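Undergrad: could you work out the structure for the sequence below:
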Amino acid sequence: INMRSATLSNIKRVVSVFILRQNNHGAQVALFRRCNQMPTFGGHWAAISGSIETHDASPLAAAVREVGEETNLGELLGDYDHLLKSGLHVDVARENSKGTFGGRMIRVYPFALTLPSEDSSLLSEIEMRGTEHDEMKFMTINDFLRMNLQCVPSLKRAFHHATFGSHLDLPQEVRDWEKDRVNGAANLARKAVDLAAAHTQNGELLTDELSMAQSIAILRPSMVPIVNAMNEFDQRITHEGCGEIDQVRYELLKSLTDEANRCVELGYELLLKMCKSKAFSTEFVIGTFSRSSALKSILKRIIDSSDKVSAKVRVVCSQSTPGDEGILMATDIPS
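TA: Below is the predicted model of the structure:
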């Protein structure tokens, strides 16, 4: 997932779009066989894929363009960019890229495009466009994950990233952690380290070359502290071995705690300075709908320091969904 030595000059950036549909056979994914004449990965099965060009504003823009070039979904759906959901990128190392793209590392930005289920006729009207593929077929997710056909590198892994690990066979306590919509990233990152340490056994990989740490990272890809902690855990276990799991866990948890304390101190000093400002001579209002542990610590310190400022400090906690974080924050801090 994360290769620190990689630079833009030695990375080939591509998108991979998995078209998903639901019918009487269950959840299915569309696969496309690349023509034998293609300069890269001819005869390999893939999702809708292509390079991110210089004129593409973002990976999403490239994904929308590629779907429009290689299928008739634009004709069937009109605008479909709102149907695209992006997962954590996948890095295909040079040694696994089969010498393509000048031997550069391939960075895959995976997307899932779920077709509207209310229009059943749409499912039978999808067609290929362009000249990159010579065959398209839908197969069940289970058949796809078990198939032994020749595929582009890390295709199944990219699928798991695009679908946020929803088809991975993971321990129940990991799934319970995934559903936590109450606690903030710092708290969840510490729990993620504990889970990765507890379920990493003898360096074994999960389905499709995903380690436990990598699997945890793709469940909550928007939370950077979690992704960074899992990357660090994975890299250290790879280099130091599973015999060092306890030490790696201890050092990562300490690092997360130290960083959280640093953020609390910076946030406290900034807010205290604002509270003392003449612009807030009568009342200083802080609004939040989060239950971040770092923010909670900052707010408690600000409230405890109210005697140091002339302004009255008031904290407004807004109701939020789905976890009612704001309400819980209001119960966490003193009134």
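Undergrad: ramachandran coordinates for residue 115?
TA: When read as degrees, to the nearest 10, the backbone of residue 115 gives phi -70, psi 140.
Undergrad: could you report the neighbour count for the nearest residue to it once chain neighbours are set aside?
TA: For residue 115, ignoring the flanking residues on the chain, the nearest one in space by CB to CB, 6 or more residues apart in numbering is residue 21 at 4.5 Å. Glycine gets a C-beta too; all of them are placed from N, C-alpha and C. Residues near residue 21, counting by other CB atoms under 10 Å, number 20.
Undergrad: cool, and residue 62?
TA: Neighbours of residue 62 (other CB under 10 Å): 23.
Undergrad: rewinding a little: does the residue nearest to residue 115 count as helix, strand or coil?
TA: In three-state terms, and counting by DSSP: H, G, I helix; E, B strand; the rest coil, residue 21 is strand.
Undergrad: which parts of stretch 53-65 are buried?
TA: By neighbour count with 16 or more other CB atoms under 10 Å, stretch 53-65 contains the buried residues 56, 59-60, 62-65.
Undergrad: can I get these in CSV including pLDDT?
TA: Formatted as CSV, the buried residues of stretch 53-65 follow (pLDDT from 0 to 100):
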residue, pLDDT
56, 93
59, 95
60, 95
62, 96
63, 96
64, 95
65, 95
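Undergrad: now, those residues that are in helices?
TA: Among these, the members falling in helices are 59-60, 62-65 (criterion: DSSP state H).
Undergrad: surely residue 40 is in a strand?
TA: No - counting by three-state DSSP, residue 40 is not part of a strand but coil.
Undergrad: returning to what we had before: distance to residue 239 for the ones in helices among the buried residues of stretch 53-65 - can I get that in TSV?
TA: Formatted as TSV, those follow (distance: CB to CB, whole Å):
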residue	distance to residue 239
59	30
60	34
62	34
63	34
64	39
65	39
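Undergrad: gap between residue 221 and residue 87?
TA: Here residue 221 is placed at a distance of 6 Å from residue 87 (CB to CB, to the nearest Å).
Undergrad: residues shared between the contacts of these two?
TA: 161, 164 (CB atoms under 8 Å, 6 or more residues apart in numbering).
Undergrad: which one's more surrounded, those two?
TA: Between residue 221 and residue 87, residue 87 has the larger neighbour count (other CB under 10 Å), namely 22 against 17.
Undergrad: for the more buried one, give me its contacts.
TA: Residue 87 sits in contact with 110-112, 158, 160-164, 218, 221, where contact means CB under 8 Å, 6+ apart.
Undergrad: residue 248: which of the residues you listed is nearest?
TA: residue 218 (20.1 Å; CB to CB).
Undergrad: what about that closest one, distance to residue 157?
TA: Taking CB to CB, one finds residue 218 at 9 Å from residue 157.
Undergrad: and the two? which has more neighbours close in?
TA: The neighbour count for residue 218 versus residue 157, taken as other CB under 10 Å, is higher for residue 218 (24 against 20).
Undergrad: name the helix or strand for that one, please.
TA: Element membership of residue 218 [criterion: DSSP states H and E] is helix 212-219.
Undergrad: which SS class is residue 91?
TA: Residue 91 ends up strand, using three-state DSSP.
Undergrad: burial count for it?
TA: Look at residue 91: counted by other CB under 10 Å, it has 15 neighbours.
Undergrad: how near is it to residue 104?
TA: Distance of residue 91 to residue 104, given as CB to CB: 11 Å.
Undergrad: quickly list what's touching both of residue 218 and residue 157.
TA: Jointly contacting residue 218 and residue 157 under the rule CB under 8 Å, 6+ apart are residue 210.
Undergrad: helices of the chain, start to end?
TA: 59-70, 73-77, 141-146, 155-162, 172-178, 185-199, 212-219, 224-240, 245-276, 293-304, 325-332.
Undergrad: in PDB, list the C-alpha atoms belonging to the first one.
TA: Right, the one you point to is helix 59-70. Below are the C-alpha coordinates for helix 59-70, written out as PDB (Å, rounded to 0.1, in the frame of the first residue of the first chain):
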ATOM      1  CA  PRO A  59      -8.500   9.500 -10.500                       C
ATOM      2  CA  LEU A  60     -12.300   9.800 -10.400                       C
ATOM      3  CA  ALA A  61     -12.200  11.800 -13.700                       C
ATOM      4  CA  ALA A  62     -10.100   9.100 -15.300                       C
ATOM      5  CA  ALA A  63     -12.500   6.400 -14.000                       C
ATOM      6  CA  VAL A  64     -15.500   8.200 -15.500                       C
ATOM      7  CA  ARG A  65     -13.700   8.600 -18.800                       C
ATOM      8  CA  GLU A  66     -12.600   5.000 -19.000                       C
ATOM      9  CA  VAL A  67     -16.100   3.600 -18.300                       C
ATOM     10  CA  GLY A  68     -17.400   5.900 -21.000                       C
ATOM     11  CA  GLU A  69     -14.800   4.800 -23.500                       C
ATOM     12  CA  GLU A  70     -15.100   1.000 -22.800                       C
END
